[in-house]
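Engineer: mind folding the following:
(one chain, ligands or ions: 1)
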Amino acid sequence: MASMAGGKTKKEKARPAGHAPYQGGISFHKSKGQHILKNPLLVDSIVQKSGIKSTDVILEIGPGTGNLTKKLLEVGKRVIAVEIDARMVLELQRRFQGTPLSSRLQVVQGDVLKTELPYFDICVANIPYQISSPLTFKLLKHQPAFRCAIIMFQREFAMRLVAQPGDKLYCRLTVNTQLLSRVSHLLKVGRNNFRPPPKMRT
Ligand SMILES: C[S@@+](CC[C@H](N)C(=O)[O-])C[C@H]1O[C@@H](n2cnc3c(N)ncnc32)[C@H](O)[C@@H]1O
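Structural biologist: Residues are numbered from 1 along each chain as shown. Model prediction:
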């Protein structure tokens, strides 16, 4: 587990013109589902649709280099970010260290599927698609209950969550999810909003 230290206040490192997503010089591993969000307008839209309150403790799964984390820190009370890749954890710490946001960020290094989740009010995440199913079941079972989860899924997986009886995609996952929660589809996201772009639609 790694936590962010406070320290002198400094501004986030300046980025070159052209609004490149913050990548921190890291190469991405497809095996870990590393497709970072590169469109700041999309990040704003996700945060806005999440209905985060200033009192909320937010769980973020797979913060990566922190493009979504930064916005979450700006609107919520605290962000607990669980990240498996030590390089990303380091980068995340570097990115926020010494900024006013750092005291509200806790980074937990580990596999979210094997991590005991802390208390949180809301979960917001752009997850690696390979953990969609076990993560969904983990969140459905989580106690104490949280208010809601806004999660980026591969399109077909999302459609299975909201399927209706008689639909081709209606399955065990649909039944379990709809038994334990209310679920709705928020938005479609094109592949080009990610770096590198994923093969499947989101
Ligand atoms: C799709 S990327 C999202 C990155 C960032 N949130 C963004 O939107 O730009 C998924 C992130 O999840 C991390 N990850 C992959 N498997 C994980 C696991 N089992 N537990 C926690 N994090 C994981 C990856 O290292 C990567 O940083």
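
Engineer: contacts, neighbours, all on C-alpha from now
Structural biologist: Fine.

Engineer: tell me the centre residue of the protein?
Structural biologist: Central residue of the chain (C-alpha atoms, centre = their mean): A125, 1.9 Å from the mean position.

Engineer: packing partners for the helix or strand where that residue lies?
Structural biologist: Element membership of A125 [criterion: DSSP states H and E] is strand 122-126. Applying 3 or more C-alpha pairs under 8 Å, 6 or more residues apart in numbering; DSSP states H and E, we find strand 122-126 packed against strand 57-61, strand 148-152.

Engineer: okay, and the helix or strand of the protein with the least pLDDT?
Structural biologist: Among the helical and strand segments of the chain, the one scoring lowest on mean pLDDT, DSSP states H and E is strand 2-3, with a mean of 20.

Engineer: just to confirm, which helix or strand has L68 in it?
Structural biologist: Assigned by DSSP H and E, L68 belongs to helix 67-75.

Engineer: buried residues, that helix. List them.
Structural biologist: Neighbour-count burial for helix 67-75 flags 67-73, 75 (criterion: 16 or more other C-alpha atoms under 10 Å).

Engineer: ok, and what's touching that helix?
Structural biologist: For helix 67-75, contacts defined as C-alpha atoms under 8 Å, 6 or more residues apart in numbering pick out 21-22, 36-38, 40, 43-44, 47, 52-54, 58, 60, 63, 79, 81, 101, 104-105.

Engineer: could you redo the last one with a cut-off of 6 Å?
Structural biologist: Here helix 67-75 makes contact (C-alpha atoms under 6 Å, 6 or more residues apart in numbering) with S54.

Engineer: next structured bit after that helix?
Structural biologist: Next in sequence after helix 67-75, counting helices and strands by DSSP H and E, comes strand 78-83.

Engineer: now that next one: average pLDDT?
Structural biologist: In this model, strand 78-83 carries a mean pLDDT of 98.
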